[in-house]
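Colleague: Output the structure for:
(one chain, ligands or ions: 1)
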Amino acid sequence: MSLFVTFEGPEGSGKSTQARYLKEYLQNAGYPAILTREPGGTPISDAVRRLVLDGQWTSMEPTTETLLFAAARAQLVGEVIMPYLNLGGIVVCDRYADSTYAYQGYGLGRNLTELREITRFATGGLQPDLTIYLDLPVDEGLSRKQRQRDETRELNQLALPLPHLPPPQPSQSEHWNRLDAREVAYHERVRNGYLEMIAADPDRWQVLDARVDREVLTTQIIAAIQPALATIKPL
Ligand code: TYD
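Modeller: Take a look at the predicted model:
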């Protein structure tokens, strides 16, 4: 048996770090496990990632954005995720299709039924066995992310502009405040979307509070995955 675990959450929830810790825990415990992320995870998907996240494309249509995420996902599923699951391994993925439903669906207002059809076409219907949702109030997540971005910028290592985030505020002009407010509303819709999806399918999701200490959260995630691990043979 294989296991497909995804991480979801709003901006700044720390899921990339936790996904890495989980992969390390699994490998140290002797399980065949890999970590990947969306958008990305293959050379083609990484190229799509650069395109879809590039801040210069301010006029990108929501439909274009949706299809680019789906294209990156199709390549990742075909090249990495399905082959590894077929070997009986554990795939940990930092974001997956639920991000499309949350961000392009609830956030940008794309039709959810159509998004599910596009996703089925892109993934062949592959769904996660378990999804760990790290929850965080939107304002806290955005300020965490903003802080991280400022620190990264100070280190001059910012590889990619981030979409849907307010730019750093050069002044406190009304323009920036208005934009900020709109962006926060978008992220509120995304978070509420996640909460709605969780309520509709509670068995697949494990919801954890991202505000606890990093080590505590790792322990909780490891505990949450134990029942699913029962079906996996260690190496
Ligand atoms: P990233 O820098 O990886 O952010 P995070 O650490 O929060 O995952 O950027 C990924 C961004 O892409 C993030 O804002 C969520 C967004 N996204 C979508 O809008 N739709 C999708 O289907 C996926 C996979 C990501």
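
Colleague: which residue ranges form the strands in this structure?
Modeller: 3-8, 33-37, 90-94, 130-135, 205-209 (DSSP state E).

Colleague: Just put those in TSV and tack on distance to the ligand and mean pLDDT.
Modeller: Backbone N, C-alpha and C define where each C-beta goes, glycine included. Formatted as TSV, the strands of the chain follow (distance: least, C-beta to the nearest ligand atom, whole Å; pLDDT from 0 to 100):
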stretch	distance to the ligand	mean pLDDT
strand 3-8	9	98
strand 33-37	7	98
strand 90-94	6	98
strand 130-135	10	98
strand 205-209	16	98
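
Colleague: Apart from its chain neighbours, what residue comes closest to the residue sitting nearest the centre point of the chain?
Modeller: Against the mean C-alpha coordinate of the chain, by C-alpha atoms, centre = their mean, the closest residue is Arg95 at 2.6 Å. In space, Arg95 comes closest to Glu38 once its chain neighbours are excluded; the distance is 4.2 Å by C-beta to C-beta, 6 or more residues apart in numbering.

Colleague: Confirm for me that that neighbour is in contact with Cys93.
Modeller: Yes: under the criterion of C-beta atoms under 8 Å, Glu38 makes contact with Cys93 at 6.4 Å.

Colleague: Looking at those two, which has the bigger crowd around it?
Modeller: Between Glu38 and Cys93, counted using other C-beta atoms under 10 Å, Cys93 has the larger neighbour count: 25 against 22.

Colleague: Run through the bridge partners of that one.
Modeller: Note on Cys93: beta-bridge partners by DSSP bridges are Thr6, Thr36.

Colleague: From what I see, it and Pro39 are in contact.
Modeller: No: Cys93 is not in contact with Pro39 according to C-beta under 8 Å; the separation is 11.0 Å.

Colleague: Tell me who's in contact with the closest residue in space to Ala102 that isn't next to it in sequence.
Modeller: The shortest distance from Ala102 to any non-neighbouring residue, by C-beta to C-beta, 6+ apart, is to Gly193 (4.4 Å). For Gly193, the contacting residues are Tyr101, Ala102, Gly105, Tyr106, Gly107, by C-beta atoms under 8 Å, 6 or more residues apart in numbering.

Colleague: Could you dump those into TSV with pLDDT, neighbour count and distance to the ligand added?
Modeller: Converted to TSV, these look like this (pLDDT from 0 to 100; neighbours: other C-beta atoms under 10 Å; distance: C-beta to the nearest ligand atom, whole Å):
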residue	pLDDT	neighbour count	distance to the ligand
Tyr101	98	21	8
Ala102	96	25	8
Gly105	96	24	9
Tyr106	96	22	11
Gly107	92	22	7
